[in-house]
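>>> let me see the structure of the following:
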Amino acid sequence: MITQAEDVTMFDHCSHPPGYKDSQDLSPPPPLTSIPVPARDISMDSSTHSVERSSSCGFPSPSSTRTPEPVVVHDDSATCHFLSLNEDVIEVIFEFLRQEKYRLPLSLTCKYIRQACKPHFFRNTRIYTDHDVMSGRIFQMSSDIWLYVSHLTFSGTWVDRKDEQRVDLGELQRPLSDLLSSMPFLHTISLINGWNGMPWDALKTILSVAQLRHLEMCMSPERRRPYPVDTDPFSVVPLETFEVKFDDMRFNTVPYIGEQSLFAFVIPQLSDSLESLRLPLDSAPLGKLASTYWPRLQRLHLSGDRRLGQDKDIPIIAVLSVMPNLRSFTFLSAQKENTRRDLIWPDGTSWSFSCPLLEHLQISYPDPQDRFFSNLPRSLRKLSLRCWPRHYLHRYEHERQVMDENGWRSPIPTSSEMLTVLENLPSEYMTELEIEYIEDDGDEKLLQSLSRLFPALTALTLLRYRRQGDIHVPVDRIAQDLSTLAQLRILRVHLDFAGDPHPYAALERTTHDHEIEACAHLRHNAAQVLADRLSASFRCVCVLTRLHCLNMWPPFLVVRDSSGIAHIENDPSLHSFDGLPMDDDDGPSTIYDCW
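Presented below is the predicted three-dimensional model:
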């Protein structure tokens, strides 16, 4: 019987030496070996705001200043003492050990501890689809690890690589169904790294798992052909989460027919249970969303090119009008024109809109003529008014070429237009704001108005672009305009310096190293000026840095000496501050391979 993760090679969460097996001998366990306790990172201050630092596994590490020291247990009763700990304490210990990759040595100490480790090792498990599922290999194995799986990831292709045709499961459908049913704690399935679609019977099997509540797809289920939703329908389990995600922008000039048929069939069945929905705009069934009541939906995320969709003329306000309990709404719509923008609530349409719980709103290319902004609730706390894709992706030839191939333009609002939008908002309780605009004569007025409009603001992301022909960036004036934001703790800023090299200059060797260093020095100086001028509450400044397809907000922590003078310190280990990430949208990865 196979009971080891090392024997089942598709599991990448734990491995053991070849030949290691769980012994059936229940004799007293050997003493524990030395296991270092990982060091904690120091929080920036004692406030309740969070500062998260990256670890080897990408998870935040707890804070401490102590150097790791080994903990040595010498007597044979150590295992009993360990297993008698409170479950919450064991959970914390395992998380420490996971981050430092010491769970494996712990699990090798004895049978008892090995058994205690299993729920923590196998709760998140990955299966390689082409190697294990489509080959039938996984169904020939026997293991008790399925009893502990709560989040299962299918990674890889579901199709025939030779002719790129979709392959049905056929006789493998029943074994897959039995396997999934044998996981009593399974609640989440992720589908990743697939290409060119997924078999209909595989989707039916997954979407029929009784205990499933969350489905995440980081792949397109099907592009070219519709699914047989009319001739082979089925009932979908009451999911709470249905999210289709892509790591980067996908560029397509024709609709994904398979996606459209699948989403139009599945999504309406989830109206009574769904709490979080994320879909690409080019295949989202907006008509069915607007004609169905969604009593439990709290999070809606729509992004992409809606002009490829079947319901491209459906007003978005019609969708929102049937979602009374929405707390978070994201609408990022790529534009085909430089002047016309999508309106959430177009003139001439009458809808009853009431989302009294709405807290987080993210909208692309806001328009001052949009009635939506003047009807928002006072519950709003986080607001992002931005371009999608980012406007800086239209600034350099390499990236602009990719945008042009998809027919995308960037009708970015001006300073004056942005101020008009902001003045129509219920803004007095808002704590987080992001704005992306191009300067005009109203730039100074916009920045000076932020403290009046947003007195509670603690986090600001500012992407400001120079008007055509202007090469000067008034950093001192911008810092002075923002100095009246009394509660501000973090500022992420893009100032569009004229001397910035394009992000692929280093690869093409069109820019010398000293020029790149000069730009880095310019960003550092700007960060210092902002730290000097902003209020005493200010703790972190990030200036956008672009390298290849990666766009980052390298953080400078603001430290004040006994005289109150601000100094900035670069902290590359920081990956978020007060919930704001230190990375921005990736650029199109079709230009160069990015590692």
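>>> residue 353: what secondary structure?
For residue 353, the assignment made with DSSP: H, G, I helix; E, B strand; the rest coil gives coil.
>>> repeat for residue 132
Quick answer, by three-state DSSP: residue 132 is helix.
>>> the chain - how does it break down into domains?
Domains of the chain are assigned by automatic domain parsing as 35-121, 398-595.
>>> turn those domains into JSON lines, columns for distance to residue 380, mean pLDDT and mean neighbour count.
To be clear about C-beta, it is placed using only N, CA and C from the backbone, and glycine gets the same treatment. Listed next are these as JSON lines, based on distance: least, C-beta to C-beta, whole Å; pLDDT from 0 to 100; neighbours: other C-beta atoms under 10 Å:
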{"stretch": "domain 35-121", "distance to residue 380": "20", "mean pLDDT": "58", "mean neighbour count": "15"}
{"stretch": "domain 398-595", "distance to residue 380": "6", "mean pLDDT": "90", "mean neighbour count": "17"}
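>>> point out where the stretch 251-400 of the chain drops to low pLDDT.
Along the stretch 251-400 of the chain, the model assigns pLDDT under 70 to residues 251-252.
>>> tell me where it has helices.
Assigned by DSSP state H, counting those that start in this stretch, the stretch 251-400 of the chain shows helices spanning 257-266, 286-290, 316-320, 397-405.
>>> want to throw the domains of the chain into a markdown table with distance to residue 233?
Converted to a markdown table, the domains of the chain look like this (distance: least, C-beta to C-beta, whole Å):
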| stretch | distance to residue 233 |
| --- | --- |
| domain 35-121 | 37 |
| domain 398-595 | 34 |
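>>> hang on, residue 302 packs against residue 323?
No. Counting by C-beta atoms under 8 Å, residue 302 does not reach residue 323; the two are 11.9 Å apart.
>>> neighbour count winner among those two?
When residue 302 and residue 323 are compared on other C-beta atoms under 10 Å, the one with more neighbours turns out to be residue 323, at 25 against 21.
>>> tell me who's in contact with that one.
Counting by C-beta atoms under 8 Å, 6 or more residues apart in numbering, residue 323 makes contact with 294, 297, 300, 355.
>>> is the third one in contact with residue 332, as I believe?
No. Contact between residue 300 and residue 332 fails when scored by C-beta under 8 Å: they sit 11.8 Å apart.
>>> got a list of contacts for stretch 514-533?
Applying C-beta under 8 Å, 6+ apart, the contact partners of stretch 514-533 are 473, 475-476, 478-480, 482-483, 491, 493, 495, 497, 499-501, 505-506, 538, 541-543, 545, 556, 558, 566-568.
>>> between the two ends of stretch 360-370, how far is it?
Using C-alpha to C-alpha, to the nearest Å, one end of stretch 360-370 lies 18 Å from the other.
>>> need the helices of the stretch 251-400 of the chain in JSON lines (columns: distance to residue 90).
JSON lines is the format used below for the helices of the stretch 251-400 of the chain (distance: least, C-beta to C-beta, whole Å):
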{"stretch": "helix 257-266", "distance to residue 90": "39"}
{"stretch": "helix 286-290", "distance to residue 90": "44"}
{"stretch": "helix 316-320", "distance to residue 90": "44"}
{"stretch": "helix 397-405", "distance to residue 90": "49"}
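>>> so for residue 158, which of these sits nearest?
helix 257-266 (12.3 Å; C-beta to C-beta).
>>> surely residue 572 touches residue 554?
Yes. With contact defined as C-beta under 8 Å, residue 572 counts as touching residue 554 (7.0 Å).
>>> between residue 300 and residue 332, which one's more packed in?
Higher neighbour count among residue 300 and residue 332: residue 300, with 23 against 19, using other C-beta under 10 Å.
>>> what lies in contact with stretch 421-428?
Under C-beta under 8 Å, 6+ apart, the answer for stretch 421-428 is 366-368, 370, 373-374, 376-378, 380, 383, 385, 413, 435, 446, 449-450, 453-456.
>>> the same query, at a cut-off of 10 Å, please.
For stretch 421-428, the external contacting residues (C-beta atoms under 10 Å, 6 or more residues apart in numbering) are 361, 363, 366-380, 383, 385, 413, 430, 433, 435, 437, 446, 449-450, 452-457.
>>> start and end of it, how far apart?
OK, stretch 421-428 end separation, C-alpha to C-alpha: 14 Å.
>>> check stretch 468-484 too.
Taking C-alpha to C-alpha, stretch 468-484 runs 29 Å from one end to the other.
>>> what's the single longest helix in this protein?
helix 513-533 (DSSP state H).
>>> list the neighbouring strands of the helix or strand just after that one plus their orientation.
Downstream of helix 513-533, the first helix or strand assigned by DSSP states H and E is strand 540-543. In the sheet containing strand 540-543, its partner strands are strand 490-494 (parallel), strand 555-560 (antiparallel), by DSSP bridges.
>>> ok, back up a step: quick one: closest of the domains of the chain to residue 318.
Closest among those, using C-beta to C-beta: domain 398-595, at 21.0 Å.
>>> hmm, back to that, need the strands paired with strand 540-543 in TSV (columns: distance to residue 309).
What follows is the strands paired with strand 540-543, written out as TSV (distance: least, C-beta to C-beta, whole Å):
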stretch	distance to residue 309
strand 490-494	31
strand 555-560	38
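>>> for the residue nearest to residue 413 when sequence neighbours are not counted, name its beta-bridge partners.
Here the nearest residue to residue 413 in space, its sequence neighbours aside, is residue 437; by C-beta to C-beta, 6 or more residues apart in numbering that works out to 5.1 Å. Under DSSP bridges, the beta-bridge partners of residue 437 are residue 464.
>>> distance of residue 437 relative to residue 416?
9 Å (C-beta to C-beta, to the nearest Å).
>>> now residue 382
Computed as C-beta to C-beta, the residue 382 to residue 416 distance reads 24 Å.
>>> also residue 223?
Separation of residue 223 from residue 416 (C-beta to C-beta) stands at 42 Å.
>>> neighbours around residue 337, how many?
Using other C-beta under 10 Å, residue 337 is surrounded by 10 other residues.
>>> returning to that earlier point: tell me which of the contacts of residue 323 fall in strands.
residue 300 (DSSP state E).
>>> out of the contacts of residue 323, which comes closest to residue 469?
Nearest to residue 469, judged by C-beta to C-beta, of the contacts of residue 323 is residue 300 at 40.4 Å.
>>> residues in contact with the closest one?
274, 276-279, 284, 289, 294, 316, 319-320, 323, 326-331.
>>> try it again at 8 Å.
Residues in contact with residue 300 (C-beta under 8 Å, 6+ apart) are 277, 278, 319, 320, 323, 326, 328, 329, 330.
>>> neighbours around the last one, how many?
Looking back up the chat, that one is residue 330. Residues contacting residue 330 under the criterion other C-beta under 10 Å number 17.
>>> show the contacting residues for it.
Counting by C-beta under 8 Å, 6+ apart, residue 330 has contacts 300, 301, 302, 303, 360, 361, 362.
>>> who does the first one bridge with?
Put plainly, it is residue 300. When assigned by DSSP bridges, residue 300 has beta-bridge partners residue 277, residue 329.
>>> hmm, who's touching stretch 258-269?
Counting by C-beta under 8 Å, 6+ apart, 197, 203, 207, 220-227, 229, 233, 235-236, 242, 244, 274, 277, 279-280, 282-285, 288-289, 292, 309-310 sit against stretch 258-269.
>>> now these: which count as buried?
197, 203, 207, 220-223, 227, 236, 242, 244, 274, 277, 279-280, 282-285, 288-289, 292, 309-310 (16 or more other C-beta atoms under 10 Å).
>>> the contacts of residue 330 in strands, which ones?
300, 301, 302, 303, 360, 361, 362.
>>> a markdown table for the residues you listed, including distance to residue 173?
Shown next, in a markdown table, are those (distance: C-beta to C-beta, whole Å):
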| residue | distance to residue 173 |
| --- | --- |
| 300 | 32 |
| 301 | 31 |
| 302 | 32 |
| 303 | 33 |
| 360 | 40 |
| 361 | 42 |
| 362 | 39 |
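>>> what's the closest of those to residue 136?
Proximity of those to residue 136 (C-beta to C-beta) peaks at residue 301, which lies at 36.3 Å.
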